[in-house]
Every structure is written in structure tokens, then in C-alpha cells.
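In: Whatever this is, show me its structure:
(chains A and B)
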Amino acid sequence: MTIKPCIFLIDDQVDVLKALKRVLNAADFYEVMIFESAQAFLDSGNIYAPGCIVLDLAMPGMTGMMLQQTLVQCASLLPIIFLSAHGDIDTSVQAMKLGAVDFLTKPVDDEKLIDAIQSAIERNRLAMSNQAASNEVLQLLASLTPREREVLTLVVAGKLNKQIADAMGTVEKTVKVHRARVMTKMKVRSLAELVRLVDRALLLKPYKK
Amino acid sequence: MKAGLLRNRTGAFGVRVWLAALVVSCILPLSAVTAFLIFNFYQHEQSRLVVNSLQQARAIMALVDQNIATTQAVLQALATANSLANANFVNFYPRAVEVLRDLPSDSIVLVDKDGQILLSTSRPLGTPLPKLSSAPLLTRILNTGKPGVSDLYVGPLVGRFIYTVAVPVYRNGSIAWILSATSSPHQLTSLLKKQLMPDGWRAVVTDSNDHVVARTHEIDNFLGRKLSSTFLLQTMNANEGSFRSNNLNDVPVVTVYSRSPVTHWSVIIGIPLDEMTAGLRSTIHWLIFATIAALSIGLGFAWLISDDIARSILSLIDMTDNIGSEKGTSTPELHFKEARKLAKALEDASVNLVRTQASLYEKELQLSQAANAASLGMWIRDFSDNQVQASEKWRQLFGFSITQPINMDDVLQKLHPDDRQMVNQTLNELRPPKGEYDMEYRIELPAGGVRWIASRGRADYDVAGIPLRTRGVSFDITLRKQAELALQQQQIEMLHLSRVAVLGELSGALAHELNQPLTAILSNAQAGLRFLKKDTVDLKEMREILQDIVDADIRAGEVIGRLRGLLIPGKIQMQPVDINALVSEVGKLLRSDLINREIELRLESTPHLSPVTADPVQLQQVMINLIINACDAMREKTASKSITVRTMAVGEERIQISVIDQGHGIPTDKLEKVFEAFYTSKVQGMGLGLSICRNIIEANRGKIWAENNPNFGASFHFSIPTNTASAA
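Out: Numbers count the residues shown, from 1 in each chain, chains lettered A, B, ... in the order given. A predicted model of the protein is given here:
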């Protein structure tokens, strides 16, 4: 991951793209790529690249919101700074919920934009390193059998062996065997260590139901 | 009038000529037939006369023959006398004188074979007598031994014309002497005279040499004369016959002749042609006279009758001219029954006409009262003199006094100057077969202000299609017109308000639209400022930045311009409009809103459409309304939302614009209703949008209608006439 972070500008208005790129260049951001539509960006294969996206909210075809949803589904770590012509509160709340880092209204002041981009790039950098760590935990989790994963879930939830056995319809002794095997496979020695590891993994990647 | 009886103006013959022709055609053929019959009869009579005359000629000839034969018989008896046989002339002489008394002859002569006259009763016996110089008869008798008759010759003893009948006297078996009796032709003439022929007739006896021997008249002049050679030629071939020639007096005659086969003497009867044809001529004269008389009487009657007929008809014509007039009709003196019947019928017709006129007048009165009650002014313009007849009410409306004569120019002068040409043109350009007009115009009031008049009517034409007059009614519509103008004003205001409302709805999107160039401008400007702070300034870069700022500013100006057009209230401005350009403008105006709604707008424009004549702002308003309605119809749809706007030509004269959505469609029974005011399918809708659209399209002479698409969604179409259509 030695690639320089890049700013992806996505807007259907060519003159706006041109002006924004120009102001970023003037502020010494040279890694700037521009796209006239969301689809063009998706097609460029940059969704897992480091950097951030400056995204126009209202575009024909795939809108800014749709692109955001797609990126979330693809687990892209690129933070999104939304640009909007007018502050639509509903839309901005929804965007923020999905992880937008900022919501700027057009016309946008260069200082605000640059601040937002800088913090977004920082955030992306952190996220990417976290992801590297959590990927490790996820691999451990993947080595568990379904029965063992069921036991792990109940253990992390703070249930006693007796309660777990009742819930799974088995005896306490079998639960103890599963629990010991989980501790071994997850490479932890204490219950507290297991809980912390699982929590971190779940924080970085929401658990799919 | 008299000439008219013969031939009237149309070229037909009068009754007098026809009657005269009738008389002539009755009498002339009759006369011709009579003439033919008479002629035929006379021909027949003539041939019968000829036959009768021939018989008469034959009879006369027989008499002459008998005369000669008798003489021959007596001479033959005398020739056998003893005295002669004994050559005793002394005894024979008294015997001969005795015999002569019974004969029609003058003398008896005895001749020897040499022609020496031996004895003649006309001389005393013993007188020396001459010798005959030439004696053809003597020769003939000596040759044939038969008795004969001589031709006419001059007797040597008497020295005048005589003829001789002679017989041979045999002595001892041979001819010794010739005994002959000489006769004067006069006794034959008296024989002819005894025949009692009509006065003009002439009968002639000729000898075998065709010398005249006897004649009924003037024998002394013609005795011994030879007949003409033409005559001889005619009689050569037959012993009897008839032919036409001139007689010895050179009078034209029909000649009948009969020739004796014994003596070769002939009897010729000449019937004067005059006499024969006199009867025919007089009959023909009588016929001609009778014909002329009949014609005169017939034509006279025809003249009198035709005079009566013509006079009756002429008086009936006079009577017809007076039908329905105020003078009334009086029955003239008429001369025959049919004319009287016709006169009676005309009188009845006249009475009916007067009655009808009266009821017509009554109806007219009622009509004009009704018109007055309804404040209708009535007027009639006569094209021949351009005068205008008008009712009292009409005169009031137009400001004319009751009695003032009016012509068309006076009427035009009363009109508002702006309307004069239109009214004049409308009234002068009425064309058959309909020739109707219906118009509204203003009259300038003397006190100022205008009076609105509605006028409608029609023109009457003659058979050639030339206008005779125009009739019309006019009425005051000032109040209605004021209300209409007020309503029109309200409608304009409402149109404007509805436009403003639409803009209000679009305001967010429009702000966004305006934000784009502003964003570009701000960012470009800030970039420029940042570049300026650097150590080296790239002038080329700076120039590009400034140019982009200018471009973006222009773009912002265009957005504002589009808005201003819709916001400024104004009158309807009809002008040529390029529909495709207008649709593309609307697309730009709605771009942001459509993006917000996540709807794609597809323009399917047919290139090179003829311009339409319309108010562009109003058409834009309709398109915006229809597109926003289409957006609303697709509100509940989540994916692949699009609206198609299609332009196309319908024939030569209309352009059709369609807005096609993929929404929920319209219930079939509501397709008409959607254009009614206050009909809405939206929760917060007023239901005015489509009714305003319809008003606008109809004000632009167009049509608007809705239909459901075959698969889903609905289409709204409207069509507007092109420039060429409006010019036509």
C-alpha cells in the first residue's frame, strides 16, 4: 500500500469538474481524477484505491446516493464528501448514516473543501490499516465450524455454559469441549481477550445477518 | 304590336301566320289534285275525239270510194252497150248523155288507145276533139285491163281541174277504147260539206298524188295544191292515223287521216288545237279563279280569327302584368272560351297573390316587431346601388336617423377605424354557394367609447353567381364583450399565476441549475487566487481560468433568461416557433428537477419541422406542465424511470408533440375528464394544470388529448397548425 492517495471528483458538470480540479491543483493536490458519471468511476476500478471521493449528489443516471450505496456494499473504504446544490436535510442525514464524511453545498469554498479532503484522506488511511488487522481476525473466525461459531456467539454475549447447553439442546460437557476448541482456534487465552477481538472485527465489518 | 303578331321577339311565328299557313295548306293540294284530274279527263276526251274523227274520216273515205265505184259501175254498164260494140257513136252519144244524168259527173268521154278523144258529151257529136297529151290513167288501164280513177288534172276540153273515172271497153276480146267520166272536184267538196263538221274543223280529200281534190273551206284557193312534204312523211307508213301539224291555213291542228286502199285517195280532217284545248283552258281558268277565291275567303277568315285570338292573348298578357299590383286586374273583352277560362284563373291567382302579400306583410311586421323586441337590427344592402335599407333598431345601433338614406360608405364611416377594412373585406368577399358571414366589430360612438356589434347574415346571388344583395342582423354585444374581455384578462392572469406556481415547484431545481455555473465561477476564482500566491504565475493557466469564469457566467445568464421568460406576465404573442428548439429549452429548464426525481428525459425530435404559429411562452408552459405531470405519475416507481418527448409532423399542416410516461396510466373513463377544471389525481393538486393546458392549446388553434400506452403509462399529445396552415 505504497500508492499515493488520490482524489476522485465525480460530477456531471464538466466545467464544475474542471474548476474543482484546478483549485485542488492550486492547493498542491496533484493526484486528482475526474469522472463525469458515477458509472464511469465504478468502471475505472478504483473503488479499493486509497484516497477520497468528492461526489455530486444530483446526477442523471446513477445518482450520488446510489453510488454511495454501491460502494458500501462493495466494502470500499473510500470516504465520500458530498457536494449538493442545496442542503437537502433528508438526503444529507441518509448520506451521513451510510458513512459520508462531509456534506458541502455548492458553490463550495476552497478552504472547506480542502479541510474536508484532508480529513477524509486521513480517515481513509486509518480505515485501511484497521482493515488489515481485522482481516486477520476474520480469517481466524472463518476457521470455526458452524457449531463452534454458535457457541462463540453465545459466549461473547455473556451466557453461562449451562445456559448455552440449554439453548443448543445439548449437555454442558459438550459445550465445554466446543468452547476450549474456539479458544485454541482464535489464539486467545482469556474470555476478555476473545470478546475484544470479536468486537473489533465486528466494528470494522458489520456482521452480515 | 302588329309586327309582334307575325313574329315575336323570340323568333316564333304568330298565330296569324300559322292560321294562314293552315288555310293555304288545305286549299292548294285540293286545287292541284283537281287540276290533275281535269287535265287527265281532257286528255282522255281528246283521244276519244281523235278516234271518233278517224271513224268519220273513214266514213267520208268510204263515201268517196262509193262515189267512184258507182261511176265505175255505171261506166262499165255503158261500156257493154250495143251501139258501142258496133262503134255506132251516133247512137251511143244520146245514150251516154242519158246515163250522165244519173252520174255525179260532168261529161262522158270516149278515148282510143292512142289518147285521141273520140267523143265527149260536153261537145256535140262530130266536133273535132283533141288528143290527150299525157294520160297516165289510160296507160294504167291498158296495162292492167282494170278500171281506175285518175288523179286531178286540168281537163283539155274544160280547161279546169277535173278527175276521171275510166273503164276499158273490150271489142273482140281486147281493149278497143277507154270510156271515162270526168267529174269536177266540186261535187266532192259539197260531199264534205254535207258532213256538218264543227266550224273550226277542216276536211280535205286528196288524190293518190296528194293533191287537194276537195276541201270543206276555201277550195278555190287550195284546189290542186300538193300537201307539204312533212305531212306526206307522217302519212307514209299507215293507211290511217293521227298526228299534230299545221293545216293549210297554218293553224295548229290535230290531223286525222284515212287512205283508201283501192284508189289511194285520202281524207284528212284537221281539228284545231285551239278548239280541242279551249275547254281545258277555260276549265283551268275556272279552277284558278276558284282557288284564288277560296284562298282569299280562307285567309280572310284566318285573319279575322287570328286577330281575335291575338287580341285576347295580348289583353291577357296585360292582365298578367297587373297581377299582384295595386291596380288589380280587370277582365278584358275576350273572344273565345279558353281565353275566358284563363282570365278567370288569372283573376283567382291575382286574388290569392294579394292575399299572400297581405299575410306576408303581416308576417314581416311580426318579424320586425320580434326583432325590435329582441333588439335585433336588420339591414339589407343592395349591390346595384350600394344603398342600405335598415330597420329602426339598426339605425339606432349605428346612429342613423329614421329617415336618413344610407349607403355602404356611410356604414363603414361609423365603424372603428381598425375594423373598417375587415368588415368591408368580409362583406365584399362573400362567395356562393354559402355566402354567409358572422363577425364582431366596433362602432365609434360620437360621445367617445365603442359599441360592440355582432353581425351575421348572408348574400343572395343571381344564377351567374353575382351578388344581388346582402341581408343581415346586427345586435349590441357590448356588455357581453366587456365580460369577455374581463374574463380574458382573468385568464391571462391565471395563466401567469399557474406559470409562477410551476416555477415555485421547480425553484429548488432551478437554484441547483444556477448553482452549477456559480460553483464553477467560485472554484475557478479561488484557484486563480491560489495560483497568484505562488512564486511563478502561469499566465496561460490564468487566461484559461478567466475564460472559464466568463463562460460559466454566460451560462448562469441563460438560466436566468429562461426563468424571466416564464415569469413576466404579458399578452399572447403569436409568432413562428421552432418546436424542436422549444422542446430542447424546456429540457434544459427541467434538467435539474428531473435529475432530482431520478427521471431520464428522452427527446425524440423529428428534424426540420416547419415552424408553427403560436405563443412560445405558453407552449413552454404546457410542456412543463405535461412533463411535471408525467414525473408525478411515476413518483411511486423506483427504477428505470424515463419520459419521452416526441415531435413529429402530421401531414403538411400540423406538428404534434407527445409526452410519453411510464407511470400508472389514466383510468379509461377519465381520459376526457382529465382536462376538466378541478379534476385531479394528486393529493395536493388543484386540478387546474391540464385545464389550463387545454385552454392554452385551443387559444393557439391546437388540440390536446390523452391516451394510455399499450404496455404501461400514458401519453399526452397536442398538435398545433404550422405557418402554412395558418396562412391558408
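
In: What residues does B:Gly448 make contact with?
Out: For B:Gly448, the contact set (CB atoms under 8 Å, 6 or more residues apart in numbering or on different chains) is empty. For every residue, glycine as well, the C-beta is placed using N, CA and C.

In: how would you label it: helix, strand or coil?
Out: What DSSP: H, G, I helix; E, B strand; the rest coil gives for B:Gly448 is coil.

In: Next one: it from B:His416, what distance?
Out: Computed with CB to CB, to the nearest Å, the distance linking B:Gly448 and B:His416 is 12 Å.

In: residues in chain A within reach of chain B, list them.
Out: A:12-13, A:15-16, A:18-20, A:22-23, A:25-27, A:58-61, A:63, A:83, A:85-86, A:106-110 (CB under 8 Å from any CB of the partner chain).

In: again, only this time at 7 Å
Out: Taking CB under 7 Å from any CB of the partner chain, the part of chain A that reaches chain B is made up of A:13, A:15-16, A:18-20, A:22-23, A:26-27, A:58-60, A:63, A:85-86, A:106-108, A:110.

In: Please enumerate the strands of chain A.
Out: A:6-10, A:32-35, A:51-56, A:80-84, A:102-105 (DSSP state E).

In: I meant the stretch 51-200 of chain B, not that one.
Out: B:107-112, B:117-120, B:148-149, B:153-154, B:161-171, B:174-183 (DSSP state E, counting those that start in this stretch).

In: Tabulate the CA atom coordinates of the longest one in PDB.
Out: Included here for strand B:161-171 are C-alpha records, laid out as PDB according to Å, rounded to 0.1, in the frame of the first residue of the first chain:
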ATOM      1  CA  PHE B 161    -109.200  20.800-162.700                       C
ATOM      2  CA  ILE B 162    -111.100  17.600-163.100                       C
ATOM      3  CA  TYR B 163    -110.700  13.900-162.400                       C
ATOM      4  CA  THR B 164    -111.600  11.000-164.400                       C
ATOM      5  CA  VAL B 165    -113.100   7.500-163.700                       C
ATOM      6  CA  ALA B 166    -112.400   5.200-166.600                       C
ATOM      7  CA  VAL B 167    -113.200   1.700-167.700                       C
ATOM      8  CA  PRO B 168    -111.800  -0.300-170.600                       C
ATOM      9  CA  VAL B 169    -114.200  -1.100-173.500                       C
ATOM     10  CA  TYR B 170    -113.500  -4.500-174.900                       C
ATOM     11  CA  ARG B 171    -114.100  -5.300-178.600                       C
END
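
In: helices and strands around it, which ones?
Out: In terms of contact count using 3 or more CB pairs under 7 Å, 6 or more residues apart in numbering or on different chains; DSSP states H and E, strand B:161-171 is assigned the packing partners helix B:15-79, helix B:136-144, strand B:148-149, strand B:174-183.

In: In CSV: those, plus mean neighbour count and distance to chain A.
Out: CSV is the format used below for the helices and strands packed on strand B:161-171 (neighbours: other CB atoms under 10 Å in any protein chain shown; distance: least, CB to the nearest CB, whole Å):
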stretch, mean neighbour count, distance to chain A
helix B:15-79, 16, 102
helix B:136-144, 15, 167
strand B:148-149, 24, 166
strand B:174-183, 22, 170
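
In: so can I have CSV of the ones you listed showing distance to A:Pro5 and mean pLDDT?
Out: CSV is the format used below for the helices and strands packed on strand B:161-171 (distance: least, CB to CB, whole Å; pLDDT from 0 to 100):
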stretch, distance to A:Pro5, mean pLDDT
helix B:15-79, 130, 88
helix B:136-144, 191, 84
strand B:148-149, 191, 86
strand B:174-183, 196, 87
